[in-house]
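K.L.:
Requesting a structural model of the entry that follows:
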Amino acid sequence: MKFYLIVFLLFFVSACGGPTYRTRVIDSPRTGALKPWEKPYEVNGQRYQPLRGDNHVGYVEEGIASWYGRDFHGKKTSNGETYDMHGRTAAHKTLPLGIYVKVRNLANGKEAVARVNDRGPFVRGRIIDLSYTLAKDLGVVDAGTAPVRIEALGFREGDAGNFQSRQPRSDAPDSFAVQIGSFSVRENADRLAAQMRSRHGAAGVKEERVGGKLFYRVRVGSYRSQDAAEKAREDLARGGYGNSFVVAME
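P.N.:
Numbers count the residues shown, from 1 in each chain. Modelled structure (predicted):
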């Protein structure tokens with residue numbers, strides 16, 4: 001987590017062309033027992049304390065949202081996942097990683113639900129960074145920023161509409177897979193997934209709606225660590241799937 005957080009912050013600054021940020025994850029005897037995602041950190045001397053336990057219950061915040069897209073696509077997020085600009089995720093400075101939030105664009109009334117898997121934004125006055133698809137859903141892409149209201153929902157349990165206020169079991173996802181393709185026709189995705197299952201033992205198709213259109217994404221394997229998934233991605237790339245990337249399984 002320390003590595004991913006620092007890498008993300010430095011990348012964020014260089015990509016945006018802003019000043020060089022000094023970042024530090026605070027390790028001490030007092031914080032040593034905390035899980036990595038719970039530890040406080042500093043950006044240019046400004047200290048941030050991630051919320052722990054059920055402190056996110058009732059959390060509501062209003063401010064300016066921005067978004068990040070292609071320049072970050074495929075890069076690591078703060079919890080070690082691979083950023084997917086077509087997913088519905090967001091970056092927040094203090095909410096627990098893995099939590100879901102409801103975001104409402106106060107300028108047009110549009111609402112969407114996002115999963116927080118990253119830290120940021122660290123531009124003054126901004127409270128949340130949205131993935132490209134989420135920003136498009138909310139009508140933020142063209143303007144670049146928008147006034148929003150965010151409300152913490154909790155951690156997903158079962159159905160998309162069922163959220164709990166529990167602590168996450170871990171700072172890391174339960175498993176990882178390698179996404180090797182995205183199709184607009186379900187039969188094509190199913191055919192490729194079947195081929196991959198015969199070779200790798202595990203493969204599936206995940207449905208995701210982007211801009212009102214349904215896509216079918218083929219994901220291979222079920223790996224307990226990101227390193228194992230990355231090795232599998234390299235093997236798949238050598239086998240002809242050069243645009244594949246690692247994803248965290250929800």
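K.L.:
Between its first and last residues, how far does stretch 125-143 reach?
P.N.:
16 Å (Cα to Cα, to the nearest Å).
K.L.:
Flag every buried residue along that stretch.
P.N.:
Of the residues in stretch 125-143, those buried under the neighbour-count criterion (16 or more other Cβ atoms under 10 Å) are 126-138, 140-141. Yep, even glycine has a C-beta here, placed from its N, CA and C like the rest.
K.L.:
same thing with stretch 185-193?
P.N.:
Ala189, Leu192, Ala193.
K.L.:
Over to stretch 206-218?
P.N.:
Neighbour-count burial for stretch 206-218 flags Lys206, Val210, Phe215, Tyr216, Arg217, Val218 (criterion: 16+ other Cβ under 10 Å).
K.L.:
Check stretch 71-82 too.
P.N.:
Under 16+ other Cβ under 10 Å, the buried positions of stretch 71-82 are Phe72, Lys75, Lys76, Thr77, Ser78, Asn79, Gly80, Glu81, Thr82.
K.L.:
quick one: which helix or strand includes Glu234?
P.N.:
Take DSSP states H and E as the rule and Glu234 turns out to sit in helix 226-238.
K.L.:
what does the average pLDDT come to for that helix?
P.N.:
For helix 226-238, the mean per-residue pLDDT is 83.
K.L.:
immediately after it, which helix or strand?
P.N.:
strand 245-249.
K.L.:
which residues are contacting that following strand?
P.N.:
For strand 245-249, contacts defined as Cβ atoms under 8 Å, 6 or more residues apart in numbering pick out 74, 79-82, 84, 117, 173-179, 219, 222, 226, 229-230, 233.
K.L.:
just the angle between that strand and helix 226-238, please?
P.N.:
Relative orientation of strand 245-249 with respect to helix 226-238: 140 degrees, computed using axes from the mean of the first three to the mean of the last three Cα atoms, to 10 degrees.
K.L.:
Would you map out the domains in this protein?
P.N.:
Using automatic domain parsing, the domain parsing of the chain gives 49-164, 175-249.
K.L.:
Centre of the chain to the first one, how far?
P.N.:
Computed by Cα atoms, centre = their mean, to the nearest Å, the chain-centroid distance of domain 49-164 equals 8 Å.
K.L.:
residues in contact with the most centrally placed residue in the chain?
P.N.:
Nearest to the mean C-alpha position of the chain, counting by Cα atoms, centre = their mean, stands Asn117 at 3.6 Å. Counting by Cβ under 8 Å, 6+ apart, Asn117 touches Thr77, Ser78, Asn79, Glu81, Thr89, Ala90, Ala91, Leu97, Gly98, Ala248.
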